[in-house]
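Asks: sharing a model prediction with you, sequence too.
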Amino acid sequence: MRIIATFILFIFSSYAAAFNFGSPFQSEPEFLPVDQAFSLSVNSDDTGQVWATWQIADGYYLYRHQLSVDSDSASNIRFKSIPKGEIKQDPYFGEVEVYHQQLKLPLEIDNPRPYQASFILKYQGCAERGLCYPPQSVPMSTEFPKLAAPVQENQTTTTQNIAPSEAEKVSSLISHSSFGQMLVVMFSLGLMLSLTPCVLPMVPIVSAIVVGGKANGRKGFALSSVYVSGMAVTYAALGALAGWFGAQMNLQAALQNPVVLLISATIFAALALAMFGVFELRLPTAIQTRVDQLTNRSQASTSRLLGIFIAGVLATLIVSPCVSAPLAGVILYISSTSDPVYGATALFSMGIGMGIPLLLVGTFGGKVLPKNGPWLDDIRKVMGFALLGLAAWLANRWLPESTHLIIWGGLSLSVAAYFLHRVFTQHSHPIRWFIALITIMAGFMEILGGATGGQSPLFPLKHLVLGSPSNNTSKTVPYYKTIGSLAELEQIQQQSTLPVVIDLYADWCISCKVTEEEIFKHPDILPMLRQVTFVKVDITDNSDENQALLKHFNLFGPPAMLYFDSKNQLIDKFSLIGEPSKEEVEIRLQALITNKQDQQS
């Protein structure tokens, strides 16, 4: 009996040891402390990649949706990628993704390396037996070393998937065309370009010529033909220079300096005053008499035609200096041929195509205008205000952006003042009232927008409608630096471990500002620009250093974008010359970023 009791006691004591009822002799608690359940460490490997690693104890798991990094905006540390986890029906969060055993996540940083960084890793996990730990915030500090040079295995494949730019397509099209086909292609390209901002500013000039000369029908066609001839001859000269000297001979960029623009703006302002009837433009009597004797023609057929021709030349060189993508492709091909005759013929044909709408304005504009009376006087004044607007547009290229909206607002209020004067003193009419009210509202909106920090004349109050200044600041283009020389670019490339993208820009380039507002600030593009070293190359001054940089990359003017890989090698197929499309920029940035990630993994 004693033996049986001893055996039963032994059995019960064994079960008691197996089912630990909280004995004071227990060596481990029922649940591990959070830092033991999820052991966190941060370190870098031989390539310079920094990793955050969690060693997860058996019976525990981490939530995917609770992983995040907090860092200051200057360094912007983040997870490069987070893999998918196991699907689990969790009692606290429902269906979630979780990780067991180990989780290893790569960290990346925007700052040039090496860089000593402090940040906070946030995570949350649970035990399978029912305990859920509170969210954890663990301060960390580590050095992000310089990344080892990646092996470019996938660049060729990625590059092959990039469609050629519009400039490359045009250059290829011309290179495979006969001379006659080339002329047709160039004329068609000119017709397409006639609807771009490069030509639209010339419409007020031609309109003023027609209105000022009271021309209609054949006379209007003749006057506008002289103007278009000046345009076409100028483009022919530019084509000849490109064929002779190459792409770097950019006469338009050379003329974008304050002195030339001030003279040009003054000329257009003088033409506007002539439209207002302040004075009449004519050559000095002695010169006019001599010209008449030599040509045996009237004043209208000498000085006026010569002035119109010169206006076409100057407008082509000064008013529209931006390089569109089709024009860029044409000049690229011409510069490779070293044939000035071919270049002159090609761009002359393009200039005629660009001038077709202007010929239509000159021919039919006079027919829709009143022959005389108060309405003709109103139209003359409107043309005068349009010429003043053109003068302001030229001057704004060098004036601070904060003054642009004030100038446009003042011009709008001037138009309103004129029509209100007409309404109250001479001829009241609903159309005059309508124009006065519209220009009053536009003028005050422009001035209010300029006074509150607005920059867009088309949308002067956009910054107020979208929200507070903090929201607007978040949508600024993330330029790493603004430079103007090749030496500065090489220095940035040596410091940066990210791919480098440069944006060729000038204050006088309207297309550059359109690209910045409509493409670089687009929600699809902005995050990708933060993953590269985005550099603005400002050639506004057209200095010797600017010209050396353009020559090095065989560029002839803005806008343009160049893409460099992590080894600072230019990816020729990615280059965009001329105003790009949003899709062209997006696909190149995505390929550049993907290629970088593939090389680092």
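Replies: The structure has been received and is ready for your questions.
Asks: does residue 515 touch residue 559 like I think?
Replies: Yes - distance between residue 515 and residue 559: 5.6 Å, which falls inside the contact criterion (Cβ atoms under 8 Å). The way it works is simple: take the backbone N, C-alpha and C, and place the C-beta from them, glycine included.
Asks: mutual contacts of those two, please.
Replies: Listed as contacting both residue 515 and residue 559 by Cβ atoms under 8 Å, 6 or more residues apart in numbering are 503, 579, 580.
Asks: out of those residues, which is most surrounded?
Replies: residue 579 (28 neighbours; other Cβ atoms under 10 Å).
Asks: hang on, that residue packs against residue 514?
Replies: Yes - the pair residue 579 and residue 514 passes the contact test of Cβ under 8 Å, sitting 6.9 Å apart.
Asks: how far away is residue 346 from residue 356?
Replies: Distance of residue 346 to residue 356, computed by Cβ to Cβ, to the nearest Å: 17 Å.
Asks: in terms of packing, which of these two has more residues around it?
Replies: Applying other Cβ under 10 Å to residue 346 and residue 356 shows that residue 346 carries more neighbours, namely 30 against 15.
Asks: identify the residue spatially nearest to that one, adjacent ones excluded.
Replies: With Cβ to Cβ, 6 or more residues apart in numbering as the measure, residue 186 is the residue that lies nearest to residue 346, at 5.0 Å, once sequence neighbours are left out.
Asks: neighbouring contacts of stretch 54-67?
Replies: The set of residues that contact stretch 54-67 without belonging to it, under Cβ under 8 Å, 6+ apart, is 32, 36-41, 79, 82, 84-85, 88, 90, 93, 96-105, 122-129, 135.
Asks: just the buried members of these?
Replies: Buried by 16 or more other Cβ atoms under 10 Å: 32, 37-38, 40, 85, 88, 96-100, 103, 105, 123-127, out of those.
Asks: now intersect those with the strands, please.
Replies: Judged by DSSP state E, strands contain the following of these: 38, 40, 88, 96-99, 103, 105, 123, 125-127.
Asks: CSV for these, including distance to residue 585?
Replies: Output for these, formatted as CSV (distance: Cβ to Cβ, whole Å):
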residue, distance to residue 585
38, 41
40, 39
88, 41
96, 37
97, 33
98, 38
99, 36
103, 35
105, 29
123, 36
125, 41
126, 44
127, 49
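Asks: any idea how far the residue nearest to residue 346 is from residue 356?
Replies: As judged by Cβ to Cβ, residue 186 and residue 356 stand 13 Å apart.
Asks: give me the buried positions along stretch 480-498.
Replies: Counting neighbours by 16+ other Cβ under 10 Å, one finds that the buried residues in stretch 480-498 are 480, 483, 484, 485, 486, 488, 489, 492, 493, 496, 497, 498.
Asks: distance check, the fifth one against residue 577.
Replies: Taking Cβ to Cβ as the measure, residue 486 and residue 577 are separated by 18 Å.
Asks: what segments of the stretch 401-550 of the chain are helices?
Replies: 401-425, 430-451, 462-466, 469-473, 486-495, 510-515, 526-529, 544-552 (DSSP state H, counting those that start in this stretch).
Asks: deepest of those helices, which one?
Replies: The densest packing among those, expressed as mean neighbour count by mean count of other Cβ atoms under 10 Å, is seen in helix 510-515 with a mean of 21.
Asks: packing partners for it?
Replies: For helix 510-515, the elements it packs on are strand 500-505, judged by 3 or more Cβ pairs under 8 Å, 6 or more residues apart in numbering; DSSP states H and E.
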